[in-house]
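Q: Compute the structure for the input listed below.
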Amino acid sequence: MIPELGHFALIVALLVAIVQGVVPMIGAARRDSALMAVAVPAARAQFALVALAFGCLAWSFVTSDFSVQNVAVNSNSHLPLQYRFAATWGSHEGSLLLWALMLGGWGFAVSVFSRNLPQVLRARVLAVMGLVAIGFLLFMLAASDPFLRLVPVPPEGRDLNALLQDPGMVVHPPMLYMGYVGFSVAFAFAIAALIGGKLDASWARWSRPWTTVAWSFLTIGIALGSIWSYYTLGWGGWWFWDPVENASFMPWLAGTALIHSLAVTEKRGAFRSWTVLLAILAFSLSLIGTFLVRSGVLTSVHAFATDPARGTFILGFLAIVIGGSLTLYAFRAGAVGAGGDFAPVSRESMLLGNNILLVIALASVLLGTLYPLFIDALKLGKISVGPPYFDSVFYPLMAPMIFLMGVGPIASWRKARIPDLWTRLRWAAYVAAATGVLAPFAMGRWKPLVALGLLLAAWVAAATASALLQRLRAAPQRGIVAKMRANSPAWYGMLLAHLGVAAFIVGVTLVKGYEVERDVRLDVGQGVEVGGDTYTFRGIVPQAGPNYDALVGTVEVTREGRHVATLKPQKRTYRASGEVMTEASIQSGILGDHYVSLGEPVTAQGTSGAWAVRIYVKPFVDWIWFGCLLMALGGFTAIADRRYRLALRHKFAGVLGAAARGAT
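A: Numbering: from 1, shown residues only. The predicted structure follows:
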């Protein structure tokens, strides 16, 4: 009965989404308050129904109900509880249901926290989100039903893909989808603005926190995926330029441009049409990512579906949403206007340069991701576009953007003077130059690209510190605490995010410049020196896991006879599927990682003899993810701004007041 309840909930959710998408839109056109008021309860009801369906599927996985095909194919009764739950979104069908749940959740949040919006705008925003939900719910029911039954019922399930039996599976997809789907709110605000022909500072202030939250979640999701790949795949890579990784990175780039463009629209009323286009682009790229992952056009460790019929459905939906929104933009962009003027040297021009470079970088990633697919689709052969292309195109575009990142927060709105900028930033420039020249020597070898990377990182960090100090000195309040409180959380959030970029650049620069990799053959008791440390192989012992059998190696790391770490890499064989997985062992530290993974036995003695062992030294690699954490923390700090807190306070005051009146 539970699967049938879930399937029924999806059908009703589709009907409610149709009401949510059509009725409020008609009401907004007619200025009919009664019809517009349908948007809020419909959005909440749709979320509740999708949440019920998701709960039914999760229950089926947790209880190992193998009468459900999705459960039988993607789970096993011996699977640990947390992975049985995570298997809910471990399949194509389940991941779509998670997407629909997130979309409903964002719609619910808009319905709860949109009391301060004009009724017409709120109705249109929720209606657009309802129309998007129709497409995904219809796709699930027509081509990807997660509740299909099996007859006869198999006694046991096949098992979850061994690669997905990892803590990363529990947290990475929900975080990624929160960001992916969160851009639907910015998209809905953009479409509502185009329909209404009104886009001003208030519109930007309303849509900005939703965009920032989505971007922050997407940042965390991408970082978690990078960490997961780093320790799971066994060869120490933190980013592969895999097409599916690019599918999440492209919306992030568009979202980054959108956040900065919204700031200009809110503060100065400029970039209006451009801001709307970026909002459409960010969500469109999220949908393109969905097509890439679930259409079967890619072969990737991340991709789910291999059914061309599903790909055709998604491609059609993609054409309707993206084509329709761009057509609307073409006809209505003039109604929202371009916004105010600004000088060639100003904060607006710096942010415009930032946006242009981000979009060009995005286009380069999009080209490298899709071009091989077009060549293949046209039967012109197969080509592979990998890291050499992306590295050579992407990084040069980022260098001038990082320079602007240091100048932008210092520059004045509307017009800035170059001599004044130099006066305020010269110490940051001196610090950056000295760091770039001298810091590589501390790593033992001076390299020009390392020097450039550290110069840029130091530039961002020093310019950010300079902006903070100058703002505090200029504040009229007395005392450091009062001066700190005089600035908005949005401003501190920007500083945190920029410091995160600096930390990220340090990590990328040093790990790419000084990482050491060795593939060695080690007998028991034999050691090898890598990166100044000695790695000694102590042998292999068997170990039983909850649903796998492991061979656990022991590698001792010493430096000049002093113990540094004991690493225990594993080879796991999963009993249900027979899949073999390598589990690396890593000792992480602020200065870098020791990373060891097992290969295969290389002698006739089998597991008791010599083994192939892969050893990495990864200097400062954890700074990459620390930088991402700071960026996300900056985003969450920004939405604590008083402007947004006041809106929430008014909302809750209204709810409490209504409750009090009801009680009397």
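
Q: got the residue ranges for the strands in this protein?
A: 516-522, 527-530, 533-544, 548-559, 562-567, 570-574, 580-583, 585-589, 592-601, 611-619 (DSSP state E).

Q: In TSV: those, plus distance to residue 480 and mean pLDDT.
A: For the C-beta atoms, the positions are set from N, CA and C on the backbone; glycine is no exception. Below are the strands of the chain laid out as TSV (distance: least, Cβ to Cβ, whole Å; pLDDT from 0 to 100):
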stretch	distance to residue 480	mean pLDDT
strand 516-522	44	94
strand 527-530	47	94
strand 533-544	44	94
strand 548-559	42	95
strand 562-567	41	95
strand 570-574	51	94
strand 580-583	48	92
strand 585-589	33	94
strand 592-601	35	94
strand 611-619	36	95
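
Q: Ok, which of those strands comes nearest residue 478?
A: When those are compared by Cβ to Cβ, strand 585-589 sits nearest residue 478, at 42.0 Å.

Q: what's the spacing between the residue nearest to the spatial centre of the chain and residue 120?
A: With distances taken as Cα atoms, centre = their mean, residue 218 lies nearest the centre of the chain, 2.5 Å away. In this view, residue 218 and residue 120 are 29 Å apart by Cβ to Cβ, to the nearest Å.

Q: Ok, residue 456 next?
A: Residue 456 sits 46 Å away from residue 120, going by Cβ to Cβ.

Q: which of those two has more neighbours?
A: Taking neighbours as other Cβ atoms under 10 Å, residue 456 and residue 120 compare with residue 456 leading, 26 against 19.

Q: show me what contacts the more buried one?
A: When contacts are counted by Cβ atoms under 8 Å, 6 or more residues apart in numbering, residue 456 touches 399, 402-403, 432, 505.

Q: Also residue 55?
A: Residue 55 is in contact with residue 6, counting by Cβ under 8 Å, 6+ apart.

Q: does residue 539 really touch residue 555, like I thought?
A: No - in this structure, residue 539 is not within contact of residue 555 by Cβ atoms under 8 Å, at 9.7 Å.

Q: Neighbour count: the two, which is higher?
A: Higher neighbour count among residue 539 and residue 555: residue 555, with 25 against 16, using other Cβ under 10 Å.

Q: Run through the bridge partners of that one.
A: Residue 555 forms beta bridges with residue 537, residue 567, as assigned by DSSP bridges.

Q: wait, doesn't the residue nearest to the centre of the chain sit right on residue 247?
A: No - look at residue 218 against residue 247 with Cβ under 8 Å: they stay out of range, at 11.6 Å.

Q: about what we covered before: now distance to residue 238 too, for the strands of the chain, in a markdown table please.
A: Below are the strands of the chain laid out as a markdown table (distance: least, Cβ to Cβ, whole Å):
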| stretch | distance to residue 238 |
| --- | --- |
| strand 516-522 | 13 |
| strand 527-530 | 19 |
| strand 533-544 | 21 |
| strand 548-559 | 21 |
| strand 562-567 | 18 |
| strand 570-574 | 20 |
| strand 580-583 | 17 |
| strand 585-589 | 12 |
| strand 592-601 | 10 |
| strand 611-619 | 8 |
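
Q: For residue 357, find the nearest of these.
A: Using Cβ to Cβ, the nearest of the strands of the chain to residue 357 is strand 611-619, at 28.2 Å.
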